[in-house]
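>>> Sequence and predicted structure, then a few things I'm wondering about:
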Amino acid sequence: MHYIDDTIAGIATPPGEGGISIIKISGVKSLELIKEIFVTKANKYLDELLDRHFYLGKVYDGAQLIDEVMMVVMLGPNTYTGEDVVEIHCHGGVIVTRKILDLVLKKGIRMADPGEFTKRAFLNGKIDLSQAEAIIDIITAKSDRGLNSAVKQLGGGLKEAINVIIEKIEKVLANLEAEIDFPEEDIETMSIDEIENLIDEAILNVEALIKEAEAGRISREGVNTVIVGKPNVGKSSLLNALARHERAIVTDIPGTTRDIIEESIQIKGVLFRINDTAGFRDTQDIVEKIGLEKSQELLLEADLVLFVIDDTQRLTEDDYRLIDKLAVIDKKLLVIINKIDLRRFHLRDEISKLLPSAKIIEISALEKTGINLVEEELVNMVFKGEVVQNQDYVITRTRHKNALINAKKHLQEGKKTIAAGFTGEFLSIDLKDAWMALGQITGDTIEKDIMDKIFSEFCIGK
Ligand SMILES: Nc1nc2c(ncn2[C@@H]2O[C@H](COP(=O)(O)OP(=O)(O)OP(=O)(O)O)[C@@H](O)[C@H]2O)c(=O)[nH]1
Ligand SMILES: [Mg+2]
């Protein structure tokens, strides 16, 4: 176990009033430093409590009673951090929680940094880095799918997938090293074919993971969706219909929405981050212009675009310009023909000629007809054809994807080295680089500043 000599404390529950608050303490001196602050009904002190038993008792600051609490001592190494952990479950008030934390700090325990409990779990080998990240993702999950992927990752799904690849690389490395160290000894060595096969397998494994990365990112972060269209066609009405509440202002004045309005909506377990934008038109209005510039940026970052047109009007110059734009940006596109309750122009045929690859759905945002079709299509567009519905993904972060891309590059370089007739030390270098890249995911080869950045995403007390 990694020896860390100071002891830390933090409030594990969210700030504010609630049923209980939990103050968590971890470190070698957890018991020793605060033993006199707590006494049970039966007059037992902290260091007399049984491991993993829950006790009712009182917390005192000297002679002054602070609160009646439940207290549990969990001795390491079989704890979250791997160290001795004490939890004080006090009444969930802001003042009482703060007072108990202050008392603990006064006894010489240090305030924990964000994520420091989990960082200790990582340093003590309780979890790898991908599992630590999974814990953040469980806490911050915004959709069922995001939660599923994170829980799977916490179970070690990603770690296992990476370790399978690492083992293949290590097998070749061990062989190469034996050859380099004892060239004249008659040891069982792999043939070049065997080595190449293993590298090929490793490349295939890495590629399979990279392929899932996009769907995994979407599971975790949600689908970045943007609604575009001319003013007054019903973009904000569509957002409201999807959100099932009046999120954006709707009026019959063209140019009602000027800024970006974002709303996160869960559809069939998938999170969509939907952005409603200012209506697209040629304008001199300075505020509207800025709004339009922002929409352009959003459009480029989007995973999916909802293009709304109004069936009560003929297509105009503004529509045509937007259509030209959408035709070139090459994004997943869903065309929504709105206001079919007042249907006049039957624009479907015209649109399908202009945007032949786009899916078209007709709705009335006002009367809420066709909204379920939009929802179904949204989920389909993201997941159909690429991956199986309801699958959980192991690669959910760009950090992981980049490490895999790097690993693949080095493995391919390894193959080139072999093709050029070199093995031995040259091949070793390529494979070690690939090994280092994969270790970034599990944390085995992570640099300290990147590690610190990952843990700083956590809340205090986790
Ligand atoms: N009849 C009918 N009217 C609709 C429908 N959807 C929206 N409207 C009306 O169209 C007008 C404009 O709707 P908004 O949702 O504000 O349109 P927008 O595209 O967000 O407009 P801007 O923000 O100005 O770009 C409002 O008066 C809505 O009530 C529909 O399906 N049928
Ligand atoms: Mg609007």
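In hand now; what should we look at? Ligands and ions are numbered 1, 2, ... in the order given.
>>> Show me which residues of the stretch 251-400 of the chain are close to ligand 2?
On the criterion Cβ under 5 Å from the ion, ligand 2 has as its neighbours in the stretch 251-400 of the chain the residues 256, 257. From N, CA and C alone the C-beta is placed, and that goes for glycine too.
>>> ok, longest helix in the protein?
Of all segments of type helix in the chain, defined using DSSP state H, the longest is helix 192-221.
>>> So for that one, what gets flagged as buried?
By neighbour count on 16 or more other Cβ atoms under 10 Å, the buried set for helix 192-221 is 195-196, 198-199, 202-203, 205-206, 209-210, 212-221.
>>> so after that helix, what's the next helix or strand?
In the C-terminal direction, the helix or strand that comes right after helix 192-221 (DSSP states H and E) is strand 223-228.
>>> What segments of the stretch 51-200 of the chain are strands?
Shown for the stretch 51-200 of the chain, the strands assigned by DSSP state E, counting those that start in this stretch span residues 54-61, 64-74, 85-91, 110-111.
>>> Pull up the pairing partners for the first one, direction included.
Right, strand 54-61. With DSSP bridges as the criterion, the sheet partners recorded for strand 54-61 are strand 38-40 (antiparallel), strand 64-74 (antiparallel).
>>> Between those strands, which one is closest to residue 156.
Distances from residue 156 to each of the strands paired with strand 54-61 were compared by Cβ to Cβ, and the smallest falls on strand 64-74, at 22.1 Å.
>>> Could you find the closest non-adjacent residue to residue 357?
Closest residue in space to residue 357, ignoring its immediate chain neighbours: residue 333 at 7.6 Å, by Cβ to Cβ, 6 or more residues apart in numbering.
>>> between the strand or helix carrying the one you found and strand 223-228, how many degrees?
Counting by DSSP H and E, the secondary-structure element that holds residue 333 is strand 332-338. Relative orientation of strand 332-338 and strand 223-228, computed by axes from the mean of the first three to the mean of the last three Cα atoms, to 10 degrees: 40 degrees.
>>> Strand 332-338 near ligand 1 anywhere?
Yes. For strand 332-338, a contact with ligand 1 is found by Cβ under 6 Å from any ligand atom, at residue 338.
>>> Also stretch 311-319?
No. Under the criterion of Cβ under 6 Å from any ligand atom, stretch 311-319 makes no contact with ligand 1; the nearest approach is 7.3 Å.
>>> got the buried residues for that stretch?
Neighbour-count burial for stretch 311-319, with 16+ other Cβ under 10 Å as criterion, is recorded at 311, 312, 315, 318, 319.
>>> Which of the helices or strands spans the fourth one?
Yep, that's residue 318 we're talking about. When elements are assigned from DSSP H and E, residue 318 belongs to helix 317-329.
>>> so where do the strands sit in the stretch 251-400 of the chain?
Counting by DSSP E, counting those that start in this stretch, the stretch 251-400 of the chain has these strands, from start to end: 261-267, 270-276, 304-310, 332-338, 359-362.
>>> Take these and lay them out in TSV including mean neighbour count and mean pLDDT.
Putting the strands of the stretch 251-400 of the chain into TSV (neighbours: other Cβ atoms under 10 Å; pLDDT from 0 to 100) gives the following:
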stretch	mean neighbour count	mean pLDDT
strand 261-267	17	93
strand 270-276	23	94
strand 304-310	24	96
strand 332-338	22	95
strand 359-362	17	96
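>>> Could you save these as TSV and add columns showing distance to residue 376?
Converted to TSV, the strands of the stretch 251-400 of the chain look like this (distance: least, Cβ to Cβ, whole Å):
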stretch	distance to residue 376
strand 261-267	8
strand 270-276	11
strand 304-310	14
strand 332-338	11
strand 359-362	9
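>>> Tell me how the protein divides into domains.
Residue ranges for each domain of the chain read 8-128, 132-218+397-443, 222-383, as given by automatic domain parsing.
>>> Ends of the second one, what's the gap?
From the first residue to the last, domain 132-218+397-443 extends over 10 Å; the measure is Cα to Cα, to the nearest Å.
>>> Report the rounded mean pLDDT for that domain.
Per-residue pLDDT over domain 132-218+397-443 has a mean of 90.
>>> Show me what the closest residue to residue 142 other than its chain neighbours is bridged to.
The shortest distance from residue 142 to any non-neighbouring residue, by Cβ to Cβ, 6+ apart, is to residue 271 (4.9 Å). Beta-bridge pairing of residue 271 under DSSP bridges involves residue 266.
>>> can you pull the contacts of residue 271?
If a contact means Cβ atoms under 8 Å, 6 or more residues apart in numbering, then residue 271 has 142, 143, 145, 146, 221, 222, 223, 264, 265 as its contacts.
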